[in-house]
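Peer 1: Need a 3D model of the following:
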Amino acid sequence: MRVLSLITLLTLSMPGCGFQLRSYSFESSVSSFAIAGDARSAVAESLRRGLLQAGVEEVAAMDAGLVMVIMDERNERRSISTSSAAQAAEYEISRAVQYQILGSNQQVLAPATWIERERVYRVDRGNIVGSVEERTVLERELMQDIVGQLIRAMDAVSRTLSDAG
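Peer 2: Numbers count the residues shown, from 1 in each chain. This is a model prediction of the structure:
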């Protein structure tokens, strides 16, 4: 009975502490999108999920209000410092995406642009599993940052179209 009461109390207090699932805000007039170029890349898949969560419908490119073209994607990891034993002590991971945004009649609304994000993490030779998990979390955060930036770019373009029309 006490356990059930505790679980109920915790469940009811979750909204009060500010907890909410991460989603993206897309407040423009665009109701449909398509992803072209490398549409099966990791960034494209995350972007697709984010837009669908925001309530934007995915359609064929010829029917879409906006078409996000993923032109190039790069992931890199490089050592930036070494320990006294000549082993890598810190790494920098980076992810970059080149994109452009097209309108419904395939005109270029946003020219080819690069988005790049990077993070640094320390390698703990005594806890390799922890270091790998930290890298995984940072890579996920890089992806979320880039997807958020892509969605804001689409939102800005669609607002410009709404203001012009």
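
Peer 1: Could you use CA atoms for every contact and neighbour count after this?
Peer 2: Will do.

Peer 1: so residue 101 makes contact with residue 64?
Peer 2: No - taking contacts as CA atoms under 8 Å, residue 101 lies outside contact range of residue 64: 11.4 Å.

Peer 1: Overlap of the contact sets of these two?
Peer 2: Applying CA atoms under 8 Å, 6 or more residues apart in numbering, one finds that no residue jointly contacts residue 101 and residue 64.

Peer 1: what mean pLDDT does stretch 47-66 have?
Peer 2: The average pLDDT within stretch 47-66 is 89.

Peer 1: What are the contacting residues of it?
Peer 2: The set of residues external to stretch 47-66 that reach it, using CA under 8 Å, 6+ apart, is 23-26, 30-36, 67, 101-105, 147, 150-151, 154, 158.

Peer 1: Of these, which belong to helices?
Peer 2: 147, 150-151, 154, 158 (DSSP state H).

Peer 1: Can you list the low-confidence ranges for this structure?
Peer 2: Residue ranges of the chain with pLDDT under 70: 1-29, 164-165.

Peer 1: What segments of it are helices?
Peer 2: Here the chain has its helices, by DSSP H, at 2-13, 42-53, 128-164.

Peer 1: Dump those helices to CSV, plus mean neighbour count and distance to residue 120.
Peer 2: CSV is the format used below for the helices of the chain (neighbours: other CA atoms under 10 Å; distance: least, CA to CA, whole Å):
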stretch, mean neighbour count, distance to residue 120
helix 2-13, 10, 35
helix 42-53, 18, 20
helix 128-164, 16, 9
